[in-house]
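Participant: No sequence on hand, only this structure:
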């Protein structure tokens with residue numbers, strides 16, 4: 001064990017007064033380094049190592065790039081792989097059986113699943129770098145040698161400024177490679193939450209936008225990560241790296257403006273009743289955001305419809321009277337381009353057309369009345385039957401020759417082939433006999449419309465609003481506070 005590792009461990013013992021494991025860990029205690037035997041020290045012993053422990057803190061931070069109180073997060077980069085190639089200029093490779101690295105090397109290292117048969121009783125013991133057991137194994141191949149073990153493996157870059165490269169992208173922190181139990185590999189990036197946000201914010205919002213908007217996005221992204229940290233627990237990581245969670249692009253997607261926004265809002269989150277909120281967001285609301293209950297099932301008190309404007313809602317002619325239906329007043333309102341602050345978005349207003357044959361292809365496998373599961377009818381029409389006060393379609397009838405199929409809430413977007421939002425009207429073209437020939441969708445905004453409107457946030461920032469004021473406009477009644485719970489590297 002290196003002197004750095006020993007000093008780090010002594011530091012932990014000094015601070016806690018009890019034996020420990022030498023490891024970095026995430027917030028569930030998943031070890032990122034390696035176990036060490038438990039020890040205990042008397043009071044005088046602790047005094048003796050005080051100087052060494054302080055040195056350990058300084059050196060451990062320098063060598064890992066992490067402080068001893070940073071919350072760690074595990075981001076799934078890829079799964080279902082038969083082979084994974086990672087690299088770093090210098091690296092150490094650990095697994096769950098050894099206190100020392102099993103390999104130290106440079107450049108590329110390839111991981112792949114291999115299946116090993118159980119050795120015969122007379123078979124000589126395997127070497128330390130080639131342990132053979134029954135079942136799935138992870139084999140690594142590098143210039144430093146070959147190693148076959150059950151894993152998981154942890155690839156730690158050497159030095160304070162080292163990064164891991166995977167699939168053409170660079171990442172801070174370390175990489176974990178593990179078997180999913182089904183003969184495939186999962187690659188996970190483990191790093192401090194704040195550094196994770198560096199690689200998120202400018203994937204979700206342009207770096208050129210107003211600094212106050214970027215700070216609002218940083219708080220939203222941090223809050224979202226903490227609220228959804230269990231989203232992929234079954235897959236051994238916290239969050240994925242795409243739109244299912246938040247888009248995370250690693251070091252190559254970082255920008256100085258985004259990093260500054262993260263640092264200037266360090267540890268700030270939005271809470272409701274003392275807990276992180278579900279800080280959902282979308283690209284553009286089209287003029288007015290939406291109540292969560294009209295998009296998903298269940299009311300959420302802080303996710304209420306709000307105008308994307310500094311003006312009163314009435315100046316945008318909202319909220320709508322619930323008795324109104326298609327063209328009055330939502331149709332003219334969509335056509336008139338009201339002065340909402342998200343009107344700079346390229347999707348503030350949009351149009352999409354489905355001919356009858358196209359609509360039939362889109363709906364055939366989704367509607368039982370058309371697919372044969374409940375009949376073999378013919379598509380006749382598509383009609384809006386419900387609309388929220390914020391203008392979004394909440395109910396839709398798919399009219400077939402053999403019945404009516406109802407679609408509700410945000411499911412409508414994907415059902416109709418991926419409409420940008422549910423803020424739309426349908427302008428149907430009929431033939432002289434009243435049969436539908438085509439469906440024209442005239443709409444506004446992009447996304448579900450709940451929570452922060454990103455383009456609107458930039459608009460509010462441009463007219464002088466601070467990030468905290470912007471956040472409290474889109475999330476009603478929330479508290480902006482410092483996250484108090486930390487997850488130490490040495491638990």
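Facilitator: Cool, got the structure. Since this is a predicted model, take the numbers as computed values, not measurements.

Participant: Can you tell me the element residue 209 falls in?
Facilitator: Using DSSP states H and E, residue 209 is not contained in any helix or strand.

Participant: what bits of the chain have low per-residue confidence?
Facilitator: Low-confidence segments of the chain (pLDDT under 70): 1-69, 97-98, 116-136, 159-161, 313-329, 374, 485-491.

Participant: show me where it has helices.
Facilitator: Secondary structure of the chain (DSSP state H): helices at 3-16, 43-48, 50-64, 193-204, 211-227, 256-264, 330-335, 356-364, 368-371, 411-415, 454-462, 467-474.

Participant: ok, now which ones touch residue 351?
Facilitator: Counting by C-beta atoms under 8 Å, 6 or more residues apart in numbering, residue 351 touches 440, 441, 442, 443. In this view, the C-beta of every residue, glycine as well, is placed from N, C-alpha and C.

Participant: domain ranges for the chain?
Facilitator: Structural domains annotated on the chain: 3-64, 83-183, 195-279+451-482, 293-449, as defined by automatic domain parsing.

Participant: Listing partners with orientation, what would you give for the longest strand seen in the chain?
Facilitator: For the chain, the strand with the greatest residue count under DSSP state E is strand 103-116. Neighbouring strands of strand 103-116 in its sheet, by DSSP bridges, are strand 83-94 (antiparallel), strand 135-142 (antiparallel).

Participant: between those strands, which one is nearest to residue 404?
Facilitator: Across the strands paired with strand 103-116, residue 404 has its closest neighbour in strand 83-94 (49.3 Å, C-beta to C-beta).

Participant: Could you pull out the buried residues of the closest one?
Facilitator: Across strand 83-94, burial judged by 16 or more other C-beta atoms under 10 Å covers 84, 85, 86, 87, 88, 91, 92, 93, 94.

Participant: Over to stretch 406-418?
Facilitator: The neighbour-count check on stretch 406-418 (16+ other C-beta under 10 Å) flags 407, 408, 409, 410, 412, 413, 415, 416 as buried.

Participant: to the chain's geometric centre, what's the distance from that stretch?
Facilitator: 23 Å (C-alpha atoms, centre = their mean, to the nearest Å).

Participant: That one spans what distance, first to last residue?
Facilitator: 17 Å (C-alpha to C-alpha, to the nearest Å).

Participant: now do stretch 170-184
Facilitator: Stretch 170-184: ends 22 Å apart by C-alpha to C-alpha.

Participant: Would you mark the buried spots in that stretch?
Facilitator: For stretch 170-184, by 16+ other C-beta under 10 Å, it's 170, 171, 172, 173, 174, 175, 176, 177, 178, 179, 180.

Participant: Tell me the one of these nearest residue 391?
Facilitator: The closest of the buried residues of stretch 170-184, once distances to residue 391 are taken by C-beta to C-beta, is residue 171, at 41.5 Å.

Participant: Name the nearest residue to that closest one, sequence neighbours excluded.
Facilitator: residue 250 (4.2 Å; C-beta to C-beta, 6 or more residues apart in numbering).

Participant: dump the residue contacts of the one you found.
Facilitator: So residue 250 contacts 169, 170, 171, 172, 189, 199 (C-beta under 8 Å, 6+ apart).

Participant: at 6 Å instead, please
Facilitator: Residue 250 makes contacts with 169, 170, 171, 199, as judged by C-beta atoms under 6 Å, 6 or more residues apart in numbering.

Participant: Over to residue 173?
Facilitator: 189, 190, 191.

Participant: any idea which of those residues is closest to residue 354?
Facilitator: Nearest to residue 354 among the contacts of residue 173, counting by C-beta to C-beta, is residue 189 at 40.4 Å.

Participant: partners of that closest one in the sheet?
Facilitator: With DSSP bridges as the criterion, residue 189 is bridged to residue 75, residue 175.

Participant: Quick check: it touching residue 170?
Facilitator: No. Counting by C-beta atoms under 6 Å, residue 170 is not a contact partner of residue 189; they are 10.4 Å apart.

Participant: Next, find the distance separating the residue lying closest to residue 268 once chain neighbours are set aside from residue 483.
Facilitator: Closest residue to residue 268 apart from its sequence neighbours, by C-beta to C-beta, 6+ apart: residue 219 at 5.2 Å. With distances taken as C-beta to C-beta, to the nearest Å, residue 219 is found 10 Å from residue 483.

Participant: likewise residue 227?
Facilitator: Taking C-beta to C-beta, one finds residue 227 at 11 Å from residue 483.

Participant: cool, residue 247 as well?
Facilitator: 22 Å.

Participant: Same check on residue 226?
Facilitator: 7 Å.

Participant: between those two, who's got more neighbours?
Facilitator: Neighbour tally, residue 226 and residue 483, criterion other C-beta atoms under 10 Å: the higher count belongs to residue 226, 22 against 16.

Participant: Mind putting the buried residues of stretch 406-418 into JSON lines with distance to residue 205?
Facilitator: Listed next are these as JSON lines, based on distance: C-beta to C-beta, whole Å:
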{"residue": "407", "distance to residue 205": "31"}
{"residue": "408", "distance to residue 205": "30"}
{"residue": "409", "distance to residue 205": "26"}
{"residue": "410", "distance to residue 205": "22"}
{"residue": "412", "distance to residue 205": "26"}
{"residue": "413", "distance to residue 205": "22"}
{"residue": "415", "distance to residue 205": "29"}
{"residue": "416", "distance to residue 205": "28"}
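
Participant: Closest one of those to residue 310?
Facilitator: Using C-beta to C-beta, the buried residues of stretch 406-418 come closest to residue 310 at residue 410, 27.6 Å.

Participant: Near the closest residue to the closest one other than its chain neighbours, how many other residues are there?
Facilitator: Closest residue to residue 410 apart from its sequence neighbours, by C-beta to C-beta, 6+ apart: residue 295 at 4.6 Å. Residues contacting residue 295 under the criterion other C-beta under 10 Å number 25.

Participant: So residue 295 is in contact with residue 450, correct?
Facilitator: Yes. Taking contacts as C-beta under 6 Å, residue 295 lies within contact range of residue 450: 5.4 Å.

Participant: just the strands in the stretch 351-491 of the chain please.
Facilitator: Assigned by DSSP state E, counting those that start in this stretch, the stretch 351-491 of the chain shows strands spanning 379-387, 393-400, 403-408, 424-430, 436-443, 452-453, 479-482.

Participant: Please work out which of those strands is packed deepest.
Facilitator: Ranked by mean neighbour count, the strands of the stretch 351-491 of the chain are led by strand 452-453 with a mean of 30 (mean count of other C-beta atoms under 10 Å).

Participant: Can you give the strand pairings for it, parallel or anti for each?
Facilitator: Sheet pairing of strand 452-453 (DSSP bridges) gives strand 281-282 (parallel).

Participant: mind putting the strands paired with strand 103-116 in JSON lines, distance to residue 364 included?
Facilitator: Shown next, in JSON lines, are those (distance: least, C-beta to C-beta, whole Å):
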{"stretch": "strand 83-94", "distance to residue 364": "38"}
{"stretch": "strand 135-142", "distance to residue 364": "41"}
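
Participant: List just the one of those strands that sits closest to residue 281.
Facilitator: That would be strand 83-94 among the strands paired with strand 103-116, by C-beta to C-beta, at 31.5 Å.

Participant: Residues in contact with the closest one: which ones?
Facilitator: So strand 83-94 is contacted by 34, 101-104, 106-112, 153-158, 162, 164-166, 175, 177, 185, 187 (C-beta under 6 Å, 6+ apart).
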